[in-house]
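>>> here are the coordinates; sequence isn't available:
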């Protein structure tokens, strides 16, 4: 979905739009989904253990080992190879030049200075001066090219023409600084050129402000001449130096060839002092020609590859570096070439764009930092380079720490760097091993917390992307990792900030024109809270307590349930959070005591005829079942507000049967003797649960047997026999079915951890109230079955609910005690 806010800067718009599509999940108006919140197979309910902890897994592969390790040729290798070849030519030319310079100064001007004719003396002198000028300009050209490559501000072909007048430039600086209206012209949809000029003017204003507020001078901005466009001065100087080298080389070739062709070095002499003069001059002129020709070949090779072959443009396109790719690639090439020249010729080929960007992150200048984060941002999003890039960044603690530090930058000029750093960190958090390293950086959670801000004070700053990226990073860090969840919960002020985003008002949820970023922020914050409440062990227990103690948590969930009918997934997330919080005893009562929550949950659970809401209805039922589990007060509140007949009627809906059975069983088991009168209507469910016991499998079978026992306690033995007859079920067949269930579920799976417990409880009730059933159970070898149950009892069968693979809320009676009680009844006669 496209954002409703229109970006002014086109390059930023492309980067941000692709980022939002790939990394920030979007909800439309409305969203109708029927699948569970987590992906993949497996249970996602607290009533069953789940090895995946019931939380969303890390996006794009939870383990770095899942990343493809196929070696992909890096486009920048063509640049480093080109730099190597240029370095070979350059060092060959420099070597010949040095030899010629030594030969001229020591042999010619030293040994034959007074013996040379005037013409050769001046030719040698001019050639030496030219070579010295070329050597000097060559050694400094690279430095100026380095400086010219750093400027990213409005680097078009006509930029220098626009600033060639010093007085006009100063006027423009003043207007840009004090008149934003002048700097940024209104954008017209009919005139693309006006739009581009406005974007460039806005960027220009930001750059000028940034330059004038720097505490130290930066190469491209040094005003070497007063009233001049210093941003582009280094670029022009590098061109002057380049042409000076070419003119010098041509002059050397011309002068040397003239003398080599003429071979007129003066009259021959038999004197020892002059007899080798001609040979010495020939060697010097030959060295000068060879050096100049090699240099010209180098320049020709450079021009052919760069200008005609468009090597830089090809590499930029292959790396997908965007609008600033040429500046980035050019700077990288100059660095590689410089290393090959100043050191070993093989130093440059060891470079790559990722390590190049990592080194620039430590710079103190915004332009250099911007180049670094843009390279990393592009590469971590690239389907081709993301795996290797994330692996390199993830193993460099210094780089991760620097990126985390950038999340705290709040200056408007640093907004783009901060945004790119947030996207890179979010990608790192999406990989398991990298996520651990990110969370392990001291102050990392505090830095992520700095992204979560409503931004009511400074409306000129775009806070929407900050909030989305902050929540995305938290969600990925929390995915499947309790240690990270603990760090999130232990970060001062972070939990209340996340909870704040889950609290949309009625106006926001019911407004059809609400911005997508607001809905995405609500959705992401709900997912973060959902993961936290689903944490296991001591971490999960602590987080559920802390989250429930925040006074806005339950009320925010209530608002979503009440006004978020257009956003079904938001309601599902809110219900799932309430279900998780209900595992804490105090939170369970706090939820039920919040006015309207029980009513809203039942309203969703018992709603009919609404397309696409079967999933959210089922989850609402699970939340109610969790609230009623082992809570006498909550059961009393529900019986006071809800007609039990409606719950019994819900058994006719296949989508609601399971949770309706759970709720009815909890109401019967935990409401107390004083509510028996209100529960008499539950007996109307007896025919359904008896038939389900005979016909159903797995979860429905388990909950049906559990409810049967509770109804039997309400109606008594005589009514139970009557119900069997009304359901046309023979008591012998019923007993046989119960024993067969014990045989079939000799080792119950995680889907039905309580099925053997419920069967034993039902058998105990039946044998207690009628001796006839004792004989029937003996007939079907119940004693052997009970002994098998006693020998194979596991911890899995000792808990009501589970947080991941950790059992919570243990049954009051151990299964082995129930087995002993049943055996005692069998052997009593």
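That came in fine, so what should we check first? Please read all numbers here as calculations on a predicted model, not as lab measurements. Numbering: from 1, shown residues only.

>>> Quick check: which element contains residue 489?
Assessed by DSSP states H and E, residue 489 sits inside helix 482-490.

>>> Which strands or helices does that helix pack on?
Applying 3 or more C-beta pairs under 8 Å, 6 or more residues apart in numbering; DSSP states H and E, one finds that helix 482-490 contacts helix 432-440, helix 444-449, helix 464-478, helix 494-501, helix 516-533, helix 537-549. C-beta coordinates here come from the backbone N, C-alpha and C atoms, glycine included.

>>> Let me have those helices in CSV, extended by mean neighbour count, mean pLDDT and distance to residue 486.
Formatted as CSV, the helices and strands packed on helix 482-490 follow (neighbours: other C-beta atoms under 10 Å; pLDDT from 0 to 100; distance: least, C-beta to C-beta, whole Å):
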stretch, mean neighbour count, mean pLDDT, distance to residue 486
helix 432-440, 20, 88, 10
helix 444-449, 23, 93, 10
helix 464-478, 26, 91, 10
helix 494-501, 20, 92, 12
helix 516-533, 24, 92, 10
helix 537-549, 19, 91, 5
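
>>> Throw those into TSV and include distance to residue 597, thanks.
Listed next are these as TSV, based on distance: least, C-beta to C-beta, whole Å:
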stretch	distance to residue 597
helix 432-440	33
helix 444-449	29
helix 464-478	24
helix 494-501	16
helix 516-533	16
helix 537-549	13
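
>>> Relative to residue 686, how far out is the nearest residue to residue 683 once chain neighbours are set aside?
Distances taken as C-beta to C-beta, 6 or more residues apart in numbering place residue 715 nearest to residue 683, at 5.1 Å, with adjacent residues excluded. Separation of residue 715 from residue 686 (C-beta to C-beta, to the nearest Å): 7 Å.

>>> which residues are in contact with both of the two?
residue 723 (C-beta atoms under 8 Å, 6 or more residues apart in numbering).

>>> which residues touch the helix holding residue 489?
With C-beta under 8 Å, 6+ apart as the criterion, helix 482-490 contacts 53, 435-436, 439, 445, 474, 477-478, 494-495, 528, 531-532, 535-537, 539-540, 542-543, 546.

>>> quick one: the strands in this protein?
Assigned by DSSP state E, the strands in the chain fall at 799-803, 806-810.

>>> Pull the distance from stretch 83-103 to the chain's centre.
49 Å (C-alpha atoms, centre = their mean, to the nearest Å).

>>> Give me the contacts around it.
Stretch 83-103 has contacts (C-beta under 8 Å, 6+ apart) with 128, 131-132, 135, 138, 280, 283-284, 287-288, 290-292, 294-295, 297-298, 301-302, 333, 336-337, 340-341, 345-346, 348-349.

>>> Can you read off the pLDDT for residue 154?
Predicted confidence (pLDDT) for residue 154: 36.

>>> follow-up on the earlier one: which of the strands of the chain sits most buried?
Of all the strands of the chain, strand 799-803 carries the top mean neighbour count, a mean of 22, counting by mean count of other C-beta atoms under 10 Å.

>>> now the strands of the chain as JSON lines including mean pLDDT and distance to residue 390?
Formatted as JSON lines, the strands of the chain follow (pLDDT from 0 to 100; distance: least, C-beta to C-beta, whole Å):
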{"stretch": "strand 799-803", "mean pLDDT": "76", "distance to residue 390": "31"}
{"stretch": "strand 806-810", "mean pLDDT": "76", "distance to residue 390": "31"}
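
>>> nearest to residue 587, of these?
When those are compared by C-beta to C-beta, strand 806-810 sits nearest residue 587, at 12.6 Å.

>>> Just list the residues touching the residue nearest to residue 524 when sequence neighbours are not counted, thanks.
Using C-beta to C-beta, 6+ apart and skipping the chain neighbours, the partner closest in space to residue 524 is residue 471 (3.7 Å). Residues in contact with residue 471, defined by C-beta under 8 Å, 6+ apart, are 452, 498, 501, 521, 524, 525, 527, 528.

>>> so the first one touches residue 499, yeah?
So the one you mean is residue 452. No - counting by C-beta atoms under 8 Å, residue 452 does not reach residue 499; the two are 10.5 Å apart.

>>> Quick test: name the residue nearest the centre of this protein.
Nearest to the geometric centre of the chain sits residue 426, at 2.8 Å (C-alpha atoms, centre = their mean).

>>> wait, what's in contact with that residue?
So residue 426 contacts 23, 469, 472, 473, 476 (C-beta under 8 Å, 6+ apart).

>>> repeat for residue 570
27, 519, 522, 523, 526, 560, 564.

>>> Then residue 481?
The contact partners of residue 481, taken as C-beta under 8 Å, 6+ apart, are 432, 435, 436, 439.

>>> neighbours of the residue nearest to the second one when sequence neighbours are not counted, just the number please.
This means residue 435. Once flanking residues are discounted, residue 435 sits nearest to residue 429: 4.8 Å by C-beta to C-beta, 6+ apart. By other C-beta atoms under 10 Å, the residues close to residue 429 number 27.

>>> Tell me who's in contact with residue 429.
Here residue 429 is in contact with 435, 438, 472, 473, 476, 477 (criterion: C-beta under 8 Å, 6+ apart).

>>> Tell me who's in contact with residue 79.
By C-beta under 8 Å, 6+ apart, the neighbours of residue 79 are 311, 312, 315, 329, 332, 333, 336.

>>> Can you list which of those are found in helices?
311, 312, 315, 329, 332, 333, 336 (DSSP state H).

>>> Most neighbours among those, which one?
Taking other C-beta under 10 Å to define a neighbour, the member of the ones in helices among the contacts of residue 79 with the most is residue 332, carrying 28 neighbours.

>>> and the nearest residue to that one once chain neighbours are set aside, what pLDDT?
Spatial nearest neighbour of residue 332, chain neighbours left out: residue 356 (5.2 Å); criterion: C-beta to C-beta, 6+ apart. At residue 356, the predicted lDDT confidence score is 91.
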